[in-house]
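this is a predicted model, with the sequence first.
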Amino acid sequence: MKEHLILFVALILLSISYDTCAQAILTEEQKSKVEQVNRMFKETLRLNEDQTKEVSYINYGFLENLNQIKNSGSSRFVKIRKLRNLSAERDQSMKTILDEDQYLAFKEIQERTRAEFRRNRGG
């Protein structure tokens, strides 16, 4: 009986951890978009190899966290606040990696992307 209980608890813990990991995994489409953004940053910002690796790491982490926020059961207000915090963290990370000119170019790209997003969704 005790062995069955231990097995049951282990299976529950395993299913919870599997579900958590599955949410953090990006779809192929998302991976493709991140790679496209990484290539664009490499060309536009003229990143060296070390910067390219670090920016790629930041972008993947950003998207994984974005998915977690999007899929959370939080209210829209809470999600927006978390997204702003996530974006600020990303900006701070990028600022430490990029030189001043690269960072300014990054911010310009960000503003153009936001403006395009707002236009496309009608806002």
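Arrived safely.

just the helices from the chain, written as ranges.
2-24, 28-45, 49-71, 76-97, 100-121 (DSSP state H).

is it possible to get TSV of the ones you listed that adds mean neighbour count and mean pLDDT?
Where you see a C-beta, it was placed from the backbone N, CA and C, and this is true even at glycine. Below are these laid out as TSV (neighbours: other C-beta atoms under 10 Å; pLDDT from 0 to 100):
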stretch	mean neighbour count	mean pLDDT
helix 2-24	9	49
helix 28-45	14	91
helix 49-71	15	92
helix 76-97	13	94
helix 100-121	12	89
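
with adjacent residues omitted, what lies nearest to Leu83?
The shortest distance from Leu83 to any non-neighbouring residue, by C-beta to C-beta, 6 or more residues apart in numbering, is to Ile69 (5.8 Å).

report the separation between the one you found and Asn85.
To Asn85, Ile69 is 9 Å away according to C-beta to C-beta, to the nearest Å.

hmm, the residue nearest to Leu83 is touching Ser87, no?
No - taking C-beta atoms under 8 Å as the definition, Ile69 is not a contact partner of Ser87, at 10.6 Å.
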